[in-house]
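Peer 1: Everything below, folded, please.
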Amino acid sequence: MTSQGVSCVAIAYDNEKEIDLYKTRGELMKSRIRCTQEYRYYRTLQRDEGKTISEGFLEDILDKRINTTAKIRQIDVETEHRAKLVDKPIYAFVTFEHAIGARIAIRAYNKSLWGYFNMKDSLKFKGSKLIVQEAADPSTILWENLRYRKVDRSQRRLVTSIVTLVLLAISLLVNIISRTIDQNATDHGGNELCPQGFSDLTTEEQQQMVDNDESLLHCYCDQLTLEEQKDDSYCQQYYKQTLSASLFSYFAAFIVLLTNYGIDSYLARSAEYEKHHSLDSQEKSIFLRMFLLKLINTGALFLFASFFAQINAVVGVSTPSTGDFTTSWYQSVGVGIVLVQIGDIASPHLTKLYRYRQIRKQKKAAELDPTKGALTQEELNELHLGPEFLVSRRYAQVMANWFVCYMFCTGIPLLTIIGMINFYVAYWVDKFLFLRYYRSPPRYKSSIGRMATSIIPYAVIVHLGVSIWSLRSEERRVGKECRSRW
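Peer 2: Purely as a prediction, here's the structure:
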């Protein structure tokens, strides 16, 4: 390794506070420059076009500029004071003259845990053991976060995960309540197979059979329209419970979509709190956690809600467990899964399309009045530059939708068509916005794409398991129906 030449060594120091100060100073400088340009703009209108501008309004602009200048000077004093302090070196970025040198160094240090504790003296730096890993692209390094060790970042991720799990718990509770309401409707109306020729009987004969066996109530009521059920004395209670079950199923699907939006917003805001060392690791972490949380929320929660035998401690009622994909399961849980997937066709894109429309309106407004976002060159550049394309969020959303559709498509073939429409819409919306709305992304590594590809074999295994399970349930249902008719 010593034969490989080192081009340069850059030392990273613990200067998070200095970076934060310079960021604050930069925002204040933008505000100060805007005050200057705004004052000149209104003075020009007053001089060249004869427009009446209030002197008090102009004085307010000058006062704001003076106050901003005072804050900048205060930060300058603080940064000069901190520059005299000796910062602690925390990382060394080594650039080799040839790529082979970096690979040799990484191979020499990245060994087993036993190799780390028994590191050779020749690999140590002044007797201290080193941790060597491939550095991220300089454009993606978050320099202000380098002081946070792995333990600190793990603790922060634990906090954000707990809050996210609370969101999932709320979604699970709503699904359990929805399942309970649906089960109550089923218990009241029955779920027994209707006798052969039941629909050919007269109304009086059907009512007589219901009087003798209340589990056949659904056979009588389901052949009536909703208005007829509402007015029929036999079906009034069945109508109310069925309607409540249907409405709560839609509400449960809405809660899942709302929770998905909450997960997006929360993880985006919590990324800074987690203090990742680079944008690559930050986006990779967000992708993995967001994918798992969306997968649980859009698919697994519906599945889990069916197998809770007792939830008295939560809502004070009990729900019979079911180990099969029964007709009742498809009518309640299956409908919820389909509704969520239909909602995901549009819901992830509505906010982005709305912001795109707002930025277009802002551009047109800036052409007529420069004070609305285009008074300085930097504001004009920012207005036309657009926001960043959040690759981790899009990967997580698409992979979660694909995983759920692939998981249940054998029992619910409609999910295949819904998934195809979902991916088609996502492709064209992302392509349109990437060309007309987003800025060029940083130079990410391929880690997110590789991680997404590595998930595919697990999806195949889950798909096969759920398919066998659902087909076995259908086989038992058909066998039961044949035995009852026999």
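
Peer 1: Check which helix or strand residue 11 maps to.
Peer 2: Counting by DSSP states H and E, the element that carries residue 11 is strand 6-13.

Peer 1: buried ones in the helix or strand following that strand?
Peer 2: Later in the chain than strand 6-13, the nearest helix or strand by DSSP H and E is helix 16-48. Buried residues in helix 16-48, counted by 16 or more other Cβ atoms under 10 Å: 16, 18, 21, 25, 28, 31-39, 41-42. C-betas here are computed from N, CA, C, even on glycine.

Peer 1: The strand holding residue 11 - contacts with which helices or strands?
Peer 2: strand 89-96 (3 or more Cβ pairs under 8 Å, 6 or more residues apart in numbering; DSSP states H and E).

Peer 1: the inter-axis angle of the very next helix or strand once past the strand it packs on versus strand 6-13?
Peer 2: Using DSSP H and E, the next helix or strand after strand 89-96 towards the C-terminus is helix 99-109. Counting by axes from the mean of the first three to the mean of the last three Cα atoms, to 10 degrees, helix 99-109 lies at 60 degrees to strand 6-13.

Peer 1: What are the contacting residues of helix 99-109?
Peer 2: For helix 99-109, contacts defined as Cβ atoms under 8 Å, 6 or more residues apart in numbering pick out 1, 4-6, 94, 96, 123, 130-134.

Peer 1: Start and end of stretch 209-216, how far apart?
Peer 2: 7 Å (Cα to Cα, to the nearest Å).

Peer 1: ditto for stretch 433-445
Peer 2: First-to-last residue span, stretch 433-445, Cα to Cα: 22 Å.

Peer 1: Same question for that stretch: list its buried residues.
Peer 2: Of the residues in stretch 433-445, 433, 437-438, 442, 444-445 count as buried by neighbour count, 16+ other Cβ under 10 Å.

Peer 1: correct me, but residue 270 touches residue 161?
Peer 2: No: look at residue 270 against residue 161 with Cβ atoms under 8 Å: they stay out of range, at 9.3 Å.

Peer 1: Could you give me the PyMOL syntax to select whichever of the contacts of helix 99-109 are buried?
Peer 2: Of those, the buried ones can be selected in PyMOL as follows, counting by 16+ other Cβ under 10 Å:
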select buried, resi 96+123
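
Peer 1: Format the contacts of helix 99-109 as a markdown table; extra columns: pLDDT and distance to residue 75.
Peer 2: Converted to a markdown table, the contacts of helix 99-109 look like this (pLDDT from 0 to 100; distance: Cβ to Cβ, whole Å):
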| residue | pLDDT | distance to residue 75 |
| --- | --- | --- |
| 1 | 47 | 44 |
| 4 | 67 | 43 |
| 5 | 80 | 41 |
| 6 | 83 | 37 |
| 94 | 87 | 33 |
| 96 | 87 | 38 |
| 123 | 82 | 43 |
| 130 | 82 | 36 |
| 131 | 81 | 35 |
| 132 | 84 | 37 |
| 133 | 81 | 35 |
| 134 | 81 | 36 |
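
Peer 1: Show the contacting residues for residue 451.
Peer 2: The contact partners of residue 451, taken as Cβ under 8 Å, 6+ apart, are 284, 287-288.

Peer 1: now residue 17
Peer 2: With Cβ under 8 Å, 6+ apart, residue 17 has these contacts: residue 82.

Peer 1: any idea how far it is from residue 75?
Peer 2: 11 Å (Cβ to Cβ, to the nearest Å).

Peer 1: got it, and residue 364?
Peer 2: 36 Å.

Peer 1: Neighbour count: those two, which is higher?
Peer 2: residue 75 (15 against 10; other Cβ atoms under 10 Å).

Peer 1: Let me know the pLDDT of the closest residue to that one other than its chain neighbours.
Peer 2: Once flanking residues are discounted, residue 75 sits nearest to residue 25: 4.8 Å by Cβ to Cβ, 6 or more residues apart in numbering. We note a pLDDT of 93 for residue 25 in this prediction.
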